[in-house]
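# I would like to see how this sequence folds:
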Amino acid sequence: MKLDWLKPLLGRPGPFTTVYVDATRADPAGETEVLDRWKGLRRDLERQGAPARILDEIEDVVARPTHLPGPHGRVLIADSEGVRIDKVLADPPDRNSAVHGPVPSLLPAARAADEAVNFLIVEVDRQGADLYWSGDTGRIQGGDHDVVEGDHDEIRKVRTGGGWHHDHSQMRAEDSWERNAEIVAADIDRQVVERNPELVILTGDVREVPLLHAALGHRAKELVVEVPGGSRADGVKQDAFNERVDATLLAFRARRREAVLEKFRQEQGRGGAAVTQLGDVIEVLRRGQVAELVLHESVTTPASPLADRMVWVGEDPMQIALTRSELEAMGVTDGARELRSDIALVRAALGQDSGLTFADDGSVDLIDGVGAVLRWHDPSTPSESVLSQSADRTRVHDVV
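Presented below is the predicted three-dimensional model:
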């Protein structure tokens, strides 16, 4: 998962106010239920010392409808000058929460956003297609809808008669289907390049779907998953189709996560472009080597190995060290301060355009609950040999 959406926080002045709220509205036209949830959080933030000016601005944002049906959440992060992050989440938080402090609460936001997939649904028939883009939440939002129509209008085969005229009509109809598929495919290819979706869900007319699939360019074709049940026509069983789409997205998220974890396992097994253990991950973050930061799911809980660990950071996100003396050895003295290690790791990953993947506990062998897949490595890159038969995990770091 990319962390780009958190970039507006880099270099911003604290303190920060972070709010996670259930944005679900039973009545789409009503706003009182969301505001009622917010009012409880506002009282918590007032006790924590959050400025009234910032709370008023957050309240104005919370009051704006998300225009999303069904259960969903919202995360807002403000610095000392105002709201910098307002992101709708595909699922509501387990509990509404609000924190005011020197740093933003990044991990829950990143964890929630990890469930989002940037995808395109293409509903095609023999005349053209409807294109529906997911929003930042990883859900379809009604406003982002394109219509692509073909320019060939002989789309039905003649069912009566025979002979030359009948055969000619058959061929003209099939040619129209193919030409319309090519027109739609060209538009999809262009938009895939411009908008870079992770997944293209193709559905609709049973004859046109394979024609369109075949007409797509290589880049778009690699992203396609065919899901039956969708249609441009009225009367489609939308609930059944939505269930198939949800199952497709769930499977994609699992594949996306597993691809990162498998890369980590392979590189770790051969002592290549992967590291684990807090100190080593800090070193490769400091050097800008990290393609993907990997954290155990438990890192977001109080039981996490990182929960009580503090590290030293400077003003730049990539100025990070286990101790103050290490940071000073890097030439960092101004702005040096202690920071919770989990926040510092995400901050450093954000500063070098790394991704973030959460791993189920036990799915990969991570010392301290943290690891990294690297963009590159050289002889000076730290590495460990994982001692699967040993209970003494602290000795693993000694093996280079």
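# care to break the protein down by domain?
Domain assignment for the chain by automatic domain parsing gives 4-105, 119-236, 259-398.
# can you add distance to residue 243 and mean pLDDT and give those back as a markdown table?
All C-beta atoms are positioned from the backbone trio N, CA, C, and that covers glycine. Below are the domains of the chain laid out as a markdown table (distance: least, C-beta to C-beta, whole Å; pLDDT from 0 to 100):
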| stretch | distance to residue 243 | mean pLDDT |
| --- | --- | --- |
| domain 4-105 | 13 | 88 |
| domain 119-236 | 9 | 79 |
| domain 259-398 | 24 | 85 |
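# reformat these as CSV; add mean neighbour count and distance to residue 248.
Output for these, formatted as CSV (neighbours: other C-beta atoms under 10 Å; distance: least, C-beta to C-beta, whole Å):
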stretch, mean neighbour count, distance to residue 248
domain 4-105, 17, 14
domain 119-236, 17, 5
domain 259-398, 18, 16
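# ok, which of these comes nearest residue 111?
Closest to residue 111 of these, according to C-beta to C-beta: domain 259-398, at 5.6 Å.
# any idea how far the closest one is from the chain center?
20 Å (C-alpha atoms, centre = their mean, to the nearest Å).
# again, but for stretch 176-196
Using C-alpha atoms, centre = their mean, the offset of stretch 176-196 from its chain centre is 25 Å.
# with stretch 243-252 instead?
For stretch 243-252, the distance to the chain centre is 15 Å (C-alpha atoms, centre = their mean).
# only C-alpha atoms, please: export it in CSV.
The C-alpha coordinates for stretch 243-252 follow below in CSV (Å, rounded to 0.1, in the frame of the first residue of the first chain):
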residue,chain,number,x,y,z
GLU,A,243,-21.2,-9.6,-3.6
ARG,A,244,-19.1,-11.0,-6.5
VAL,A,245,-17.2,-7.7,-6.7
ASP,A,246,-16.5,-7.7,-3.0
ALA,A,247,-15.2,-11.3,-3.2
THR,A,248,-13.0,-10.3,-6.1
LEU,A,249,-11.5,-7.3,-4.2
LEU,A,250,-11.0,-9.4,-1.1
ALA,A,251,-9.0,-12.0,-3.2
PHE,A,252,-7.0,-9.2,-4.8
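# how about that stretch: buried residues?
The neighbour-count check on stretch 243-252 (16 or more other C-beta atoms under 10 Å) flags 245, 248, 249, 252 as buried.
# now the two most distant members of those residues.
Checking the buried residues of stretch 243-252 with C-beta to C-beta, the most distant pair is 245 and 252, at 10.5 Å.
# how about the helices of this protein, start to end?
Shown for the chain, the helices assigned by DSSP state H span residues 32-48, 52-63, 106-113, 163-195, 208-215, 218-221, 238-269, 278-286, 324-329, 341-351.
# now the last one against helix 106-113, angle please.
It stands for helix 341-351. Per axes from the mean of the first three to the mean of the last three C-alpha atoms, to 10 degrees, the angle that helix 341-351 makes with helix 106-113 is 60 degrees.
# helix 341-351 vs helix 278-286, what angle?
With the same axes, to 10 degrees applied, the angle from helix 341-351 to helix 278-286 works out at 20 degrees.
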